[in-house]
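In: got a predicted model here, sequence first, then my questions.
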Amino acid sequence: ITELGKSPDRYLRRIAQGKVMRTVPIAAAAAFLLAVPAFAQGSKVLTIEPGHGQIIQEYVVTEHVRPVTVTVPLELGATVPDALQLTPVPLGMVAKVPEVRNYEYFTAGGKVVFVEPYTRRIVQIVE
């Protein structure tokens, strides 16, 4: 970029001819690619509003949601196996608890477990 001050036209011609290395975009792309996995591995947590945990539990009981058997520990950040069937949060629950709209869930051991569907990571456990 120091060449830019000398002659902008000359600098632009050299870019068009492929004689100027484009290190800034490459560095930016490298930084982005390094940051994405770190963000994806972050501990994303779904925040349930006070009182909504009870509404979720009542919904699961009223709608007779069947519990599943799990072999992984039920803890925030854990990844559930692909073999475990996740259920999209039904509109009836979303109407009462809108913060769960973009998640999937299952029930196990008296707990309602919310999962981020793309990563399959547990983001909230309601007991």
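Out: Arrived safely, thanks for sending.
In: and the residue lying closest to residue 81 once chain neighbours are set aside, helix, strand or coil?
Out: Closest residue to residue 81 apart from its sequence neighbours, by C-beta to C-beta, 6 or more residues apart in numbering: residue 72 at 6.6 Å. Using the backbone N, CA and C atoms, a C-beta is placed for each residue, glycine as well. For residue 72, the assignment made with DSSP: H, G, I helix; E, B strand; the rest coil gives coil.
In: what's the answer for residue 13, then?
Out: helix.
In: next, count neighbours for it.
Out: Here the number of neighbours of residue 13 (other C-beta atoms under 10 Å) works out to 12.
In: can you check residue 56 too?
Out: Considering only other C-beta under 10 Å, residue 56 is surrounded by 21 other residues.
In: same check, this time on residue 114
Out: So residue 114, with other C-beta under 10 Å, has 23 neighbours.
In: cool, and residue 64?
Out: Using other C-beta under 10 Å as the criterion, residue 64 is surrounded by 6 other residues.
In: now do residue 89
Out: Using other C-beta under 10 Å: residue 89 sits among 22 other residues.
In: that one contacts residue 106, doesn't it?
Out: No. Between residue 89 and residue 106 there is no contact under C-beta atoms under 8 Å: 10.9 Å.
In: just to be sure, residue 105 is in a helix?
Out: No. Looking at residue 105 with three-state DSSP, it is strand, so not inside a helix.
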